[in-house]
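K.L.:
sequence-free structure coming up:
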């Protein structure tokens, strides 16, 4: 069996110490928030490229992924934007809900105003009474004029409410297009997937350092 020269043994120990130091640096860098790492992981990549050849296969794979976290930048950024947009839309959703409630109330009023059948029936009865009872012509004509005015007012109010409903429906439709669809759990899953790469890399480093 050959003997290891003191110089070679010292060099091997120095390499191991240096490797452990570099891995610790990577671990410290990976402790940064995932949002910062997907923006720039160049320091991790530089260190990894220096020690890649000295690492076992599984650790190489995990650290390669961790050194390229910016691949997730677009997905993570869009996920953050959608989550921020949803949180800022609470007042918008409340406003839409309130407008829908008011619109429903006006629609109910419109239905009542649009139903003039009762008025028309009374008008017919009054006209019949006018023909049958000539002596009540003056009084009956006054009643007819009052009912006709009521019908005219109802039609005018119906037109005004219809225009208001159309305008408010258009406003609600415009506001509804501003709502970001889906929910946070989908975007949280995207961020979690990127963060899993970071956490797994840390675990592999710790396992390697503890050998």
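P.N.:
Perfect, thanks for sending it. None of the values given here were measured: they were computed from a predicted structure.

K.L.:
roughly how far is the one helix or strand in the chain whose mean pLDDT sits lowest from the heart of the chain?
P.N.:
Taking mean pLDDT, DSSP states H and E as the measure, the helix or strand of the chain with the lowest value is helix 90-114, at a mean of 75. Helix 90-114 has its average C-alpha position 24 Å from the chain's average C-alpha position, going by Cα atoms, centre = their mean, to the nearest Å.

K.L.:
and if you look at stretch 121-138?
P.N.:
That offset, for stretch 121-138, works out to 65 Å (Cα atoms, centre = their mean).

K.L.:
So what touches it?
P.N.:
Residues outside stretch 121-138 that contact it (Cβ atoms under 8 Å, 6 or more residues apart in numbering): 140-141, 143-144, 147-148, 151. C-beta: built from backbone N, CA, C; applies to glycine.

K.L.:
List the buried residues of it.
P.N.:
Of the residues in stretch 121-138, 122-123, 126, 130 count as buried by neighbour count, 16 or more other Cβ atoms under 10 Å.

K.L.:
From the centre of the protein, point out the most distant residue.
P.N.:
The centre of the chain is farthest from one residue, residue 135, which by Cα atoms, centre = their mean lies 73.5 Å away.

K.L.:
Helix or strand: which one has residue 193?
P.N.:
Here residue 193, judged by DSSP states H and E, is contained in helix 184-209.

K.L.:
which helices and strands does that helix pack with?
P.N.:
Helices and strands touching helix 184-209, as assessed by 3 or more Cβ pairs under 8 Å, 6 or more residues apart in numbering; DSSP states H and E, comprise helix 6-30, helix 34-39, helix 57-67, helix 73-88.

K.L.:
What mean pLDDT does the shortest one get?
P.N.:
So that's helix 34-39. For helix 34-39, the per-residue pLDDT values average out at 90.

K.L.:
quick check: angle from the helix or strand following that helix to helix 57-67?
P.N.:
On the C-terminal side of helix 34-39, the closest following helix or strand by DSSP H and E is helix 42-51. Here the directions of helix 42-51 and helix 57-67 differ by 150 degrees (axes from the mean of the first three to the mean of the last three Cα atoms, to 10 degrees).

K.L.:
how's this protein carved up into domains?
P.N.:
When the chain is parsed with automatic domain parsing, its domains come out as 6-77+188-209, 96-178.

K.L.:
Pick the most deeply packed of those.
P.N.:
Per-stretch averages of neighbours, counted by mean count of other Cβ atoms under 10 Å, single out domain 6-77+188-209 among the domains of the chain, with a mean of 15.

K.L.:
who's in contact with the closest residue to residue 165 other than its chain neighbours?
P.N.:
If you skip the residues right next to it in sequence, residue 165 has residue 106 as its closest partner in space, 5.7 Å away by Cβ to Cβ, 6 or more residues apart in numbering. If you count contacts by Cβ under 8 Å, 6+ apart, residue 106 has them with 161, 164-165, 168.
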